Structure formats: C-alpha cells, structure tokens
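Engineer: Compute the structure for the input listed below.
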Amino acid sequence: MKSIEKRESLSRQVFEQLKKEILMGRWKPGEKIPSENELSEILNVSRVTVREALQTLVALDLLEKKQGEGTFVKEFSGELYIDGLLPAFVNLEDSKIHSVHEYRKIIEVGAMELVVERVTDEDIDELKEILNKMKQYRNDLDKFALEDLKFHLTLCRITRNPIIEKANDLMKDYLQESMVEVVRAMGSEDGIYYHGEIIKAIEDRDKKKVMKLMKEHIDNNFNYI
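Structural biologist: Now for the predicted structure:
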C-alpha cells in the first residue's frame, strides 16, 4: 500500500487500496487486517476516512468485524473471476455506476415479462420475505442494500433463463457496490415502495405494469448518482 494523495475522494481511494489488498490475495481469507490506527498511519489519512472505507468493504461482504478481536478478511466465492471476464478488482467510478444502471435497465425491465410468465407462489413468498427484511433494515442502509440486491437478483432468477442468471453472476460485484452507493444516497423508502408495488403487479400477472414500475424504479435511482 502507498500513501494516499489528496486529490479525489479520500474514502474512495482508501476503499480501492484496501479492496485491492483483499482481491489480489495480499490479505488472505481469515487473516486479521491492520487496525484503523495502523491503516491511518500507513495511508496518511484520518481514522474516519479509514472507517468509512472499511464499512463499505464490510457491506460488500469482503471483510467482517469481530467484537473485541478486530477486522478479518472473509471467505469469498470465485464469482468475481467467473470465466476470467472480470478484473481482479473493481474500480467503480461514476461513469461505471451509470453503466451498471443502464445494464440493469436493459436486463431487468425486459426480464419482468418472463417473471410474470414463470413466477410461482413460492417465488412470490420469497420476494415478500426479502421485502420484509428490507423493512426490518430500513435504518441500517448497508444491510438494506444487500437485501435490495437480493430482491433484484431473485427476480432475474425467477426468469429461469440461465443466460440472464450467468450475466448477473458476472456482474454481481459491480451490482453490489452500485447498490450500496445508491442506497446510501437515496435511503430506503423508495426501494420499499417500488418493491411492494412490483410484487403486487406480479401477483396480478400484469406484465405492462410491472415493466413500467421496474423502469420507473431504476430511472429513479439515476437521480441519486
């Protein structure tokens, strides 16, 4: 790691450096990482900046905090490297966040037609369960964001289309980081509202309405990035 240059967002730079340490294997799964104080000295930034970066990495499930012990690297799957198509680590700049949302608009809005055709009662129950967890975490935005992403990935899985599922597997790291950033900016209420309305439209088997709601939902996210 190297000292941070104070030009762009400090927390972003710290986040990228720490994420690189993890995904390049310099910090191994199960390994305890340096303390906030140590990282602050190494990177020449404040503890607050380090803490913000660590919180994002915890939200992305790359790190875990253990009470009284410190922060540790989590075991993570090979999804980041599927087919060798993703880079070793992700640098999700503003332009990439917009690209992720364009991807979602194309894939998810179109997928809703298949969802309505193929959804089962068990699928609807699963979506409702995720929505209930979102409501439970409405004031914990990092946990909320992970449930939010789970809702959207579940919808795409309901299509029973292996190409759509594979594409989302390849994009999962981008989708997760984008979701965390958007939710932190916009809060939880819009997501709860739209997800509830989407479930109702799916139950009514109303293809046009659910596609319209998904488009509105994703377009609304653009307003916060």
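Engineer: Can you get me a residue count around N221?
Structural biologist: Residues lying near N221 (other Cβ atoms under 10 Å) number 23. C-beta here means a position set from N, CA and C on the backbone, and glycine is covered the same way.
Engineer: pLDDT below threshold where in the protein?
Structural biologist: Where the chain drops to pLDDT under 70, the residues are 1-9, 76-95, 224-225.
Engineer: Let me see the domain layout of it.
Structural biologist: 10-76, 81-222 (automatic domain parsing).
Engineer: quick check, distance from the shortest one to the centre of its chain.
Structural biologist: Going by Cα atoms, centre = their mean, to the nearest Å, the spacing between the C-alpha centre of domain 10-76 and its chain's C-alpha centre is 17 Å.
Engineer: Spatially central residue for this structure, please.
Structural biologist: Centroid-nearest residue in the chain: Q176, 1.7 Å away (criterion: Cα atoms, centre = their mean).
Engineer: Now do the SS call for K200.
Structural biologist: helix (DSSP: H, G, I helix; E, B strand; the rest coil).
Engineer: how near is it to V210?
Structural biologist: 9 Å (Cβ to Cβ, to the nearest Å).
Engineer: Then I158?
Structural biologist: 12 Å.
Engineer: Compare K200 and V210 and say which is more crowded by neighbours.
Structural biologist: Neighbour totals were compared for K200 and V210, and V210 leads with 25 against 13 (other Cβ under 10 Å).
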